[in-house]
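# Sequence plus the predicted model coming up.
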Amino acid sequence: MKATSTTPSTSAPVAHNALPPPSATSNARSSRIAPHSHIKGLGLTSDGLAAPDGSGFIGQTNAREACGVVVDLIKSRKFSGRALLLVGAPGTGKTALALAVSHELGTKVPFCPMVGSEVYSTEVKKTEVLAESFRRAIGLRIKETKEVYEGEVTELTPAESENPLSGYGKTVSHVIVGLKTVKGTKQLRLDPTIYEAILKEKIVVGDVIYVEANTGAVKRVGRSDAYASSYDLESETYVPLPKGDVHKRKELVQDVTLGDLDAANARPQGGQDIMSVMGSLVKSGRTEVTDKLRREVNKVVKGYVDQGVAEVVPGVVFIDEVHMLDIECFTYLNALLESPMAPTVILATNRGNALVRGTTDVVSPHGVPVDLLDRCLIVKTDGYNREQIGKVVQLRANVEGLKLGPGVLERIAEEGERGSMRYALQLLTPASILAGLSGRSQIVVEDIGEMNELFLDAKTSATNIAADGGFDGGKMW
């Protein structure tokens, strides 16, 4: 058989099913780029006005400014128990607005997203899924001042004594621990149960630890940097010598949600015997939380708040495709919004006048009952023109690291105006793969034309079906 050259030619056509040639970076780790990776916030100025292009957003100035007002209300805790409804056509940025709100609020404010169809679970009731989401969106910031002993271990000596129960063995009666800080040293006489915790943490002389005075809990912070060696790589973590006295007061802040407290109390820890372990394996993954348990948790939380130990941080529940909820869920949603501990609720839908799910004759705007609509502030998202679509495509190309040739941006913007912006964005990655197969580093107009031959947008597909009366001329066989 005659051998042929395998050198690729840039002029030769490449089959659609051809494998891309291996590259030097094929083994490099690449992070997944999500559809909303470019959204970093609402892109508002200090005056609350929307910048034309800011934080990944293009256009939607009115909607962004309205969401900015809502963010300020949430931060000032004056929007709890209220609802914001985002309405608009598919692909106009409703989910992006909700994600931008979560970015503006920061990581300290709970943000719990869900889709309307999530409530239809086979494990728990629909109302329970909604209640869990609401509880996860209410944060509790617990501030606690603890007395601790902290320092570098300079001495670790267990003292043994005769075992009164047996004349042959000895037990640890107490343990002497020496701790050193920058300010001084201190020798502690600790209980033997604390010595067991020290052994469990594998603490040795030279480690930096702290011991809680009230509970006796021992925590190893790391190895003192005085023992740091000259190795380039080590598995040990070195920490500086603690400042101040050995005995000190520390203020600890812990952020939890009411959903965490509900789950912790709904599934109490069993014993260490084999039957308890097997029982925990057999039990279902999700457990319904009773209203009685939630009331008890609320009572304890209220006590903490009254004492000044804890602070309630109302967060946000985002329900996308809210028209997928049925009339029972909407009724329960009204009750949840009126509860004393309620987060801010952001809803999103792309429906116009639609039948309320679970009914046969109730048609309502956006598929949401009128009594719930009356509780909502409604924000409408606008469609995109060709110029805005082009800016979004260029932004996504920059995020994904794609190079666009002359005229490509205008062609994709034209396709987005004719079809939809989502379709235009979806053409980028396949076109880049086709360009790579052809040996080019940038996308050209011919790649977009070939993508249109391979794929259809939603409007073209619907037009074909309407013209033919269905697939294959309306014939099923």
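Alright, I've got the coordinates.

# what about the helices in the stretch 1-150 of the chain?
Listed in chain order, the helices of the stretch 1-150 of the chain (DSSP state H, counting those that start in this stretch) span 61-75, 94-105, 126-136.

# Just the buried positions in the first one, please.
Looking back up the chat, that one is helix 61-75. Across helix 61-75, burial judged by 16 or more other Cβ atoms under 10 Å covers 63-68, 70-71, 73-74. C-betas here are computed from N, CA, C, even on glycine.

# just to revisit the earlier point, nearest to residue 288, of the helices of the stretch 1-150 of the chain?
Proximity to residue 288 (Cβ to Cβ) singles out helix 126-136 among the helices of the stretch 1-150 of the chain, at 5.3 Å.

# re earlier: as JSON lines, the buried residues of helix 61-75 with distance to residue 407 and pLDDT would be great.
Formatted as JSON lines, the buried residues of helix 61-75 follow (distance: Cβ to Cβ, whole Å; pLDDT from 0 to 100):
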{"residue": "63", "distance to residue 407": "32", "pLDDT": "92"}
{"residue": "64", "distance to residue 407": "31", "pLDDT": "92"}
{"residue": "65", "distance to residue 407": "35", "pLDDT": "93"}
{"residue": "66", "distance to residue 407": "37", "pLDDT": "93"}
{"residue": "67", "distance to residue 407": "36", "pLDDT": "93"}
{"residue": "68", "distance to residue 407": "37", "pLDDT": "92"}
{"residue": "70", "distance to residue 407": "41", "pLDDT": "91"}
{"residue": "71", "distance to residue 407": "40", "pLDDT": "91"}
{"residue": "73", "distance to residue 407": "46", "pLDDT": "89"}
{"residue": "74", "distance to residue 407": "45", "pLDDT": "87"}
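
# Go ahead and confirm residue 65 touches residue 48.
Yes. Judged on Cβ atoms under 8 Å, residue 65 makes contact with residue 48 at a distance of 6.4 Å.

# got the contact list for residue 192?
Shown in contact with residue 192 (Cβ atoms under 8 Å, 6 or more residues apart in numbering): 158, 171-175.

# For the residues you listed, pick the one with the most neighbours.
Counting neighbours by other Cβ atoms under 10 Å, residue 175 leads the contacts of residue 192 with 21 neighbours.

# what about the helices in the stretch 151-300 of the chain?
Remark: helices assigned in the stretch 151-300 of the chain by DSSP H, counting those that start in this stretch are 192-200, 258-266, 274-282, 291-307.

# could you dump these to a markdown table with mean pLDDT and distance to residue 343?
Shown next, in a markdown table, are those (pLDDT from 0 to 100; distance: least, Cβ to Cβ, whole Å):
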| stretch | mean pLDDT | distance to residue 343 |
| --- | --- | --- |
| helix 192-200 | 87 | 39 |
| helix 258-266 | 87 | 10 |
| helix 274-282 | 51 | 31 |
| helix 291-307 | 90 | 14 |
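
# thinking again about what came up before, quick check, nearest of the buried residues of helix 61-75 to residue 188?
Once Cβ to Cβ is applied, the member of these that ends up nearest residue 188 is residue 74, at 46.8 Å.

# quick one: low-confidence parts of the stretch 1-150 of the chain?
1-32 (pLDDT under 70).

# ok so, going back, TSV for the helices of the stretch 1-150 of the chain, including distance to residue 390?
Shown next, in TSV, are those (distance: least, Cβ to Cβ, whole Å):
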stretch	distance to residue 390
helix 61-75	18
helix 94-105	17
helix 126-136	38
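
# Could you point out which of these sits nearest residue 312?
Judging the helices of the stretch 1-150 of the chain by Cβ to Cβ, what sits closest to residue 312 is helix 126-136, at 12.0 Å.

# List the buried residues in that closest one.
Within helix 126-136, the residues scored as buried using 16+ other Cβ under 10 Å are 126-136.

# ok, back up a step: who wins for proximity to residue 400 among the helices of the stretch 151-300 of the chain?
Of all the helices of the stretch 151-300 of the chain, it is helix 258-266 that lies closest to residue 400, at 35.3 Å by Cβ to Cβ.

# The closest one to helix 126-136, inter-axis angle?
Interaxial angle of helix 258-266 relative to helix 126-136 (axes from the mean of the first three to the mean of the last three Cα atoms, to 10 degrees): 110 degrees.

# Report all helices and strands that helix 258-266 contacts.
Contacts defined by 3 or more Cβ pairs under 8 Å, 6 or more residues apart in numbering; DSSP states H and E place helix 258-266 against helix 126-136, strand 138-162, helix 291-307.

# Just put those in JSON lines and tack on distance to residue 190.
Output for those, formatted as JSON lines (distance: least, Cβ to Cβ, whole Å):
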{"stretch": "helix 126-136", "distance to residue 190": "39"}
{"stretch": "strand 138-162", "distance to residue 190": "9"}
{"stretch": "helix 291-307", "distance to residue 190": "30"}
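
# So which of these is the most surrounded?
Across the helices and strands packed on helix 258-266, the average number of neighbours (mean count of other Cβ atoms under 10 Å) peaks for helix 126-136, which reaches a mean of 20.

# can you list the residues that contact it?
110, 112, 114, 118-121, 124, 257-260, 262, 288-289, 294, 317, 319, 326, 328-329, 332-333, 336, 339, 342-343.

# What angle do helix 291-307 and that helix make with each other?
If you take the same axes, to 10 degrees, helix 126-136 sits at 20 degrees to helix 291-307.

# how far is helix 126-136 from where the chain is centred?
17 Å (Cα atoms, centre = their mean, to the nearest Å).

# Would you mind writing the CA trace of that helix as CSV?
Extracted in CSV, the C-alpha atoms of helix 126-136 (Å, rounded to 0.1, in the frame of the first residue of the first chain):
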residue,chain,number,x,y,z
LYS,A,126,-44.7,20.1,47.2
THR,A,127,-45.3,22.5,50.1
GLU,A,128,-42.3,20.9,52.0
VAL,A,129,-40.0,21.7,49.1
LEU,A,130,-41.1,25.3,49.2
ALA,A,131,-40.7,25.5,52.9
GLU,A,132,-37.2,24.1,52.8
SER,A,133,-36.1,26.7,50.2
PHE,A,134,-37.6,29.5,52.3
ARG,A,135,-35.8,28.2,55.5
ARG,A,136,-32.5,27.9,53.6
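
# I'd like the numbering to begin with 841 instead of 1 from here.
In the new count, where the first residue is 841, that last one comes out as helix 966-976.
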